[in-house]
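Undergrad: Quick one: sequence and predicted model below, then my questions.
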Amino acid sequence: MTHKSAKVAAITASLQGQDLDARYLGYFECFNQGLFYEAHDVLEDLWLEGRGGPDDGFYKGLIQFAGAFVHLQKNRLSPAAALFRLSAKYLQPYAPWRQSLNVGAVLEQGRNWVSFLEAGSYARNPLTDADPPRMTLER
């Protein structure tokens, strides 16, 4: 077990035995706490296991979406916008819904964050000015 696997196991321990994979649920748990790097890690574990499968692009898009917020946390505004756009490319084929997630709402959220970055000429970090991002599953 790698260090990353132990970390993922700790994050997902309380989410086992539900209708969706605990790593998928862990992504949202971390994301909604502002733990964007951890959200990326926990979902990457699931993505690597199922790479090339029907949810490959879906997981990749969500990983990129969390990565965009990691860049915002580090005040890397242009790279954040690039990852929002990349995440949209991966997520678009899965709209409007996938695995209890309103993908259309995630796409809209990403567009809004990019718009905020563009409006501030990449000089103003929306993460410091806006409500923290949240994603919810409809189950």
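TA: On my side now, so go ahead. Numbers count the residues shown, from 1 in each chain.
Undergrad: How about Leu46: what's its closest non-neighbour residue?
TA: The shortest distance from Leu46 to any residue that is not its chain neighbour, by Cβ to Cβ, 6 or more residues apart in numbering, is 4.0 Å, and that residue is Arg23. The C-beta positions use only the backbone N, C-alpha and C, and glycine is treated the same way.
Undergrad: typo on my end, Tyr27
TA: Spatially, and ignoring its direct neighbours in sequence, Tyr27 is nearest to Leu43 (4.1 Å; Cβ to Cβ, 6+ apart).
Undergrad: That neighbour against Ala66, yeah?
TA: Yes: in this structure Leu43 lies within contact range of Ala66 using Cβ atoms under 8 Å: 7.2 Å.
Undergrad: residues shared between the contacts of those two?
TA: Listed as contacting both Leu43 and Ala66 by Cβ atoms under 8 Å, 6 or more residues apart in numbering are Tyr27.
Undergrad: which is the next helix or strand following the least confident helix or strand in the chain by mean pLDDT?
TA: Averaged element by element with mean pLDDT, DSSP states H and E, the chain has its least confident helix or strand at helix 3-12 (a mean of 73). If you walk from helix 3-12 toward the C-terminus, the next helix or strand you reach (DSSP states H and E) is helix 22-31.
Undergrad: Appreciated, that's everything.
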